[in-house]
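[1] sharing a model that was predicted from the sequence below.
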Amino acid sequence: MAASSHPQVSELLAEARRAFRAEFGVEPQLAVSAPGRVNLIGEHTDYNQGLVLPMALELMTVLVGSPRMDGLVSLLTTSEDADEPRRLQFPLPTAQRSLEPGTPHWANYVKGVIQHYPDSGTIAARAQVCQQAEHSFAGVPCGIMDQLIALMGQKGHALLIDCRSLETTLVPLSDPRLAVLITNSNVHHTLGSSEYPLRRRQCEEVAQALGKESLREVKLEELDAGKELVSKEGFRRARHVVGEIRRTAQAADALSRGDYRAFGRLMVESHQSLRDDFEVSCPELDQLVEAALSVPGVYGSRMTGGGFGGCTVTLLEAAAASRTMQHIQEQYSGTTTFYLSQAADGAMVLPL
Ligand code: GLA
């Protein structure tokens, strides 16, 4: 069984240039790309000032553009999933008039980035601006993981991010005997949009009840000792976060030593904790993880991202990829989409 193939950057760029020429009648003057990401371990830890270990993917978005003199922004998006291109025109923000989120919803994140983007700044500042756009324009109180890995990913490496200090450490991930398989459950339970902010709030409440700035400052023994100060549910949420931060540090260490078995065990523990304590998994994700784990050559598997649908990530021997995909699809009640990706580079300017 084969993973779905992803277009090369050159193909995407050619397509974007063609669409730009057709729409505006001139050649674009600037082209950039930004990758997708998968989080290997460290889930729901970023907004708790914890550790995460994502990698950038070879799947990417390409953007082309040109300056214009009339103070307007014209957006045109095309994608494989949409039949029709989507268009929107709006004025650039000024000191007197800011951009506001509204409809169409698909443009809100782009508007937010334009509104908040600084003229200069370090990479971390740019990531924070994009995070701000998600909070105030897209309405998702996310952490900083996605933005930082999209900017700082490096080919052949996962990136350990300390979301408290924003310090990053590259962890080599280029062993040709190893593969990272992403399995899309193709389900998206709407519950996720209300549960994500709720989880964030619950974590903050526990930290506050224990007199700490964030759950990053809380040790497991302190949480146990303060059990009476928090609700039963809050306790389980915090137990996930505190344990997950520790697992992420251990996983980065295991990966740097090439101990894939240890890494895999931590992935499985992470999934169990997300399922039972943090309660952000769903039957479909559990099914995909269970199916992957029953294949010889699989080191570990877990849900990845916010949860309530979306994808699982599986670490496995490259030689086992085909039979693993086959087995997962046979066991899964729905339809899967598979991606096999190397760790790729972060966002970059493309030569035109
Ligand atoms: C979403 C958010 C991230 C992170 C993950 C969970 O993907 O965008 O910031 O919180 O959920 O780890």
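    Sure, I can see it.
[2] which strand residues sit across from Tyr350 in the sheet?
    No Tyr there; residue 350 is Leu. Per DSSP bridges, residues listed as beta-bridge partners of Leu350: Ala31.
[3] can you tell me which residues in the stretch 201-350 of the chain are near the ligand?
    The stretch 201-350 of the chain comes close to the ligand at residues 305-306, as judged by C-beta under 6 Å from any ligand atom. Glycine gets a C-beta too; all of them are placed from N, C-alpha and C.
[4] now the residue of the stretch 201-350 of the chain found nearest the ligand: how far from Ala209?
    The stretch 201-350 of the chain approaches the ligand most closely through Gly306 (3.5 Å), counting by C-beta to the nearest ligand atom. Distance of Gly306 to Ala209, given as C-beta to C-beta, to the nearest Å: 24 Å.
[5] for these two, indicate the residue with more neighbours.
    Per other C-beta atoms under 10 Å, whichever of Gly306 and Ala209 has more neighbours is Gly306, with 18 against 15.
[6] which stretches in the stretch 1-150 of the chain count as helices?
    Counting by DSSP state H, counting those that start in this stretch, residue ranges of the helices within the stretch 1-150 of the chain are 9-24, 108-116, 123-133, 145-152.
[7] so for the ligand, which of those helices sits nearest?
    Closest to the ligand of the helices of the stretch 1-150 of the chain is helix 145-152 (C-beta to the nearest ligand atom; 4.6 Å).
[8] and the strand ranked longest in the chain, anywhere near the ligand?
    The longest strand of the chain (DSSP state E) is strand 51-65. No - using C-beta under 6 Å from any ligand atom, we find that strand 51-65 stays clear of the ligand, coming within 6.8 Å at best.
[9] next: stretch 114-129.
    No - with C-beta under 6 Å from any ligand atom as the criterion, the ligand is not reached by stretch 114-129; the gap is at least 11.0 Å.
[10] so for that stretch, what gets flagged as buried?
    114-116, 124, 126-129 (16 or more other C-beta atoms under 10 Å).
[11] cool, stretch 212-219 as well?
    Buried-residue list, stretch 212-219, by 16+ other C-beta under 10 Å: 212, 214-216, 218.
[12] pLDDT on that stretch, on average?
    Stretch 212-219 comes out with an average pLDDT of 98.
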